[in-house]
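Visitor: Coordinates for the following, if possible.
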Amino acid sequence: MVYWLVLGAGILLQVVLLIRAPVAGLFRRYYFFYIYLLSATITALGGLAVLLVWPGFYSKWYWITQLATLVLGYGILLEVLNHVLVPYPGAERFARFSGMVAFGAIFLFALIAPRIMPRWSPGTVIEFERDVRCVQAIFIFGLLALVTYYGIPIGRNMKGMVLGYGLYIVTSLMSLAERSYAGPSFTKIWSVVQPLSFDVSLTIWLVALWSYCPNPEPDSTIPLEQDYEALVARTKSVMDTIRGYFRKAERA
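Guide: Numbers count the residues shown, from 1 in each chain. Coordinates of the predicted model:
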């Protein structure tokens with residue numbers, strides 16, 4: 001009973017968020033985020049239909065769609081990185097490139113893993129999800145460290161997006177770790193905790209994304225771009241030095 005209440009509340013919150021998006025002009029500004037949200041809504045509604053029509057297929061449906069939404073979740077990270085770092089072109093390009101590389105690697109692995117792992121099972125998917133969530137957590141905490149260190153101002157939309165998704169990632173990591181430790185006995189608890197944490201995130205997003213709130217104008221004295229350019233220059237110098245050593249070794 002609790003599971004169905006939690007699941008129903010989540011679907012309702014997602015539908016409200018999707019309806020509000022075009023009204024508030026948010027979809028065209030945060031399309032990565034809303035593509036993820038739309039996929040999560042379709043997954044939840046499809047899961048209900050599968051349970052009613054073909055219950056035996058639900059387990060396979062769940063893990064397939066879980067992989068899909070897991071990959072699309074990287075869109076939220078790209079959304080946040082792109083908007084927060086827009087005033088800093090060099091750092092923004094680096095963040096976008098890094099995010100796309102990580103997204104591409106995860107997407108390719110999700111496609112080829114069933115082919116190269118004949119024993120691909122729910123347990124394997126759980127381990128894969130845990131690893132992906134760890135990478136996402138690193139992205140989130142890295143961004144928070146950057147924002148805190150440089151004092152980069154962010155608006156209500158971005159704060160809500162980061163807080164909601166960060167909370168969901170941390171809760172998912174804790175649940176996945178506990179499930180790996182406790183085994184099947186934790187399944188019933190995990191099946192409620194996971195969607196409940198997502199409902200909390202959806203509530204945060206509903207409040208934060210009710211209307212468009214752009215990021216404040218950044219302080220021109222923030223030296224992020226200069227530090228990024230200095231880092232690039234140092235990296236280039238180190239690579240040139242290494243290449244020089246290799247050339248000397250080849251001539252020797």
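Visitor: Show me the chain divided up by domain.
Guide: What automatic domain parsing lists as the domains of the chain is 2-221, 222-252.
Visitor: buried residues in the helix or strand hosting residue 39?
Guide: Assigned by DSSP states H and E, residue 39 falls within helix 31-53. Residues of helix 31-53 classed as buried: 32-34, 36-41, 43-44, 47, 50 (neighbour count, 16 or more other C-beta atoms under 10 Å). Backbone N, C-alpha and C define where each C-beta goes, glycine included.
Visitor: Next: stretch 173-181.
Guide: 173, 175-176, 179.
Visitor: what about residue 28, neighbour count?
Guide: By the criterion of other C-beta atoms under 10 Å, residue 28 has 9 neighbours.
Visitor: if we can go back for a sec, could you name the helices and strands sitting against the helix holding residue 39?
Guide: Helix 31-53 is packed against helix 2-23, helix 58-72, helix 74-84, with contacts defined by 3 or more C-beta pairs under 8 Å, 6 or more residues apart in numbering; DSSP states H and E.
Visitor: send the alpha carbons of that helix over as PDB?
Guide: As requested, the backbone C-alpha atoms of helix 31-53 are provided in PDB (Å, rounded to 0.1, in the frame of the first residue of the first chain):
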ATOM      1  CA  TYR A  31      15.500  20.900 -22.100                       C
ATOM      2  CA  PHE A  32      18.000  18.300 -20.800                       C
ATOM      3  CA  PHE A  33      16.400  18.300 -17.400                       C
ATOM      4  CA  TYR A  34      12.900  18.000 -18.800                       C
ATOM      5  CA  ILE A  35      13.800  15.200 -21.300                       C
ATOM      6  CA  TYR A  36      15.000  13.300 -18.200                       C
ATOM      7  CA  LEU A  37      11.800  14.100 -16.300                       C
ATOM      8  CA  LEU A  38       9.700  13.000 -19.300                       C
ATOM      9  CA  SER A  39      11.500   9.700 -19.600                       C
ATOM     10  CA  ALA A  40      11.100   9.100 -15.900                       C
ATOM     11  CA  THR A  41       7.300   9.800 -16.200                       C
ATOM     12  CA  ILE A  42       6.900   7.500 -19.200                       C
ATOM     13  CA  THR A  43       8.900   4.800 -17.400                       C
ATOM     14  CA  ALA A  44       6.600   5.000 -14.300                       C
ATOM     15  CA  LEU A  45       3.400   5.000 -16.300                       C
ATOM     16  CA  GLY A  46       4.700   2.200 -18.500                       C
ATOM     17  CA  GLY A  47       5.700   0.200 -15.400                       C
ATOM     18  CA  LEU A  48       2.100   0.500 -14.100                       C
ATOM     19  CA  ALA A  49       0.700  -0.700 -17.400                       C
ATOM     20  CA  VAL A  50       3.200  -3.700 -17.500                       C
ATOM     21  CA  LEU A  51       2.200  -4.700 -13.900                       C
ATOM     22  CA  LEU A  52      -1.500  -4.700 -14.900                       C
ATOM     23  CA  VAL A  53      -1.100  -6.400 -18.300                       C
END
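Visitor: I appreciate the help and will end here.
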